[in-house]
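J.: structure, please.
(one chain, ligands or ions: 1)
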Amino acid sequence: MEIIFATANRHKLKEAQSIAGTEFQLLSSASLGVTEDIEETGATLKENALIKAKYLWEKFGRPCFADDTGLEIDALEGRPGVYSARYAGEGCSFADNVQKVLKEMNGITNRGARFKTIVALITDGTPHFFEGCVEGTITETTSGEKGFGYDPVFKPAGYDTTMAEMSEEEKNRISHRGIAVTKMIEYLRQYNK
Ligand code: ITT
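T.: Residues are numbered from 1 along each chain as shown. Here you go, the predicted structure:
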């Protein structure tokens, strides 16, 4: 079964495809010629995930899903949250965002944080939502080269390494996206019976 993934983020596509296995083939919206940036104007992750999935459903009328993810830092009152992608400003890089977080967290001892993902799936016009969350802490410096985004400064609870030091399989097993996409795949297996 083919499913369109409304993302321009190649890291997300790779992680999700490795969870979906060979049973489900994920097609990125970009590979179908969608080059425009779908504007994420929602106030919540759920609204933004729905905006992205709906956009593709209306365009193609084929099974599709979107993922919206945010990093919530306790000491920053939940920021960057829904603004995680452009936290350091329009056109910023992953490294710019990480540096901004490290600067804001300088000298702060309460380093609790979590990644949250909401997946919105549309197979027949009605959206279905799947959620994943991983608790952890923000490190003092960056560590690791794998993953993407805020992975080099996020240490999941119970682990000694950042998410950027984990293999893709290990990250997928415990991560926000891993949990949400696994729930979606389980749902699709039922739906496909
Ligand atoms: P699409 O909307 O095209 O899917 P995006 O990168 O804009 O891609 P999000 O809005 O969902 O995706 O994510 C916001 C940001 O959160 C993203 O740019 C990363 O900086 C960060 N992020 C998302 N997932 C992450 C992960 O698994 N590990 C580390 N950072 C992540």
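
J.: got the residue ranges for the strands in the chain?
T.: 2-5, 25-28, 64-73, 80-81, 112-122, 127-138, 154-156 (DSSP state E).

J.: can you tell which of the ones you listed is closest to residue 14?
T.: Nearest of the strands of the chain to residue 14, taken as Cβ to Cβ: strand 25-28 at 9.4 Å. From N, CA and C alone the C-beta is placed, and that goes for glycine too.

J.: which bits of the protein sit near the ligand?
T.: Contacts of the chain with the ligand, taken as Cβ under 6 Å from any ligand atom, map to 7-9, 12, 67-69, 84-85, 94, 97, 147-151, 175, 177.

J.: which members of these are classed as buried?
T.: 7, 9, 12, 67-69, 84-85, 94, 97, 147, 149-151, 175, 177 (16 or more other Cβ atoms under 10 Å).

J.: just the strands of the chain: most buried one?
T.: Between those, strand 64-73 has the highest mean count of neighbours, a mean of 26, where neighbours are mean count of other Cβ atoms under 10 Å.

J.: which residues touch the residue of the chain found nearest the ligand?
T.: Nearest residue of the chain to the ligand, counting by Cβ to the nearest ligand atom: residue 149, 2.3 Å away. Residue 149 is in contact with 11, 71, 84, 94, 97, counting by Cβ atoms under 8 Å, 6 or more residues apart in numbering.

J.: run the last query once more with 10 Å
T.: Residues near residue 149 by Cβ atoms under 10 Å, 6 or more residues apart in numbering: 9, 11-12, 69, 71, 84-85, 94, 97-98, 115, 163-164.

J.: which ones among those map onto helices?
T.: Judged by DSSP state H, the subset of the contacts of residue 149 located in helices is 11, 12, 94, 97, 98.

J.: how near is the residue nearest the centre of the chain to residue 160?
T.: In the chain, the C-alpha nearest the mean C-alpha coordinate belongs to residue 69, at 3.9 Å (Cα atoms, centre = their mean). For residue 69, the distance to residue 160 (Cβ to Cβ, to the nearest Å) stands at 23 Å.

J.: identify the bridge partners of the closest residue to residue 157 other than its chain neighbours.
T.: Nearest residue to residue 157, sequence neighbours excluded (Cβ to Cβ, 6 or more residues apart in numbering): residue 135, at 4.7 Å. According to DSSP bridges, the partner residues bridging residue 135 are residue 114.
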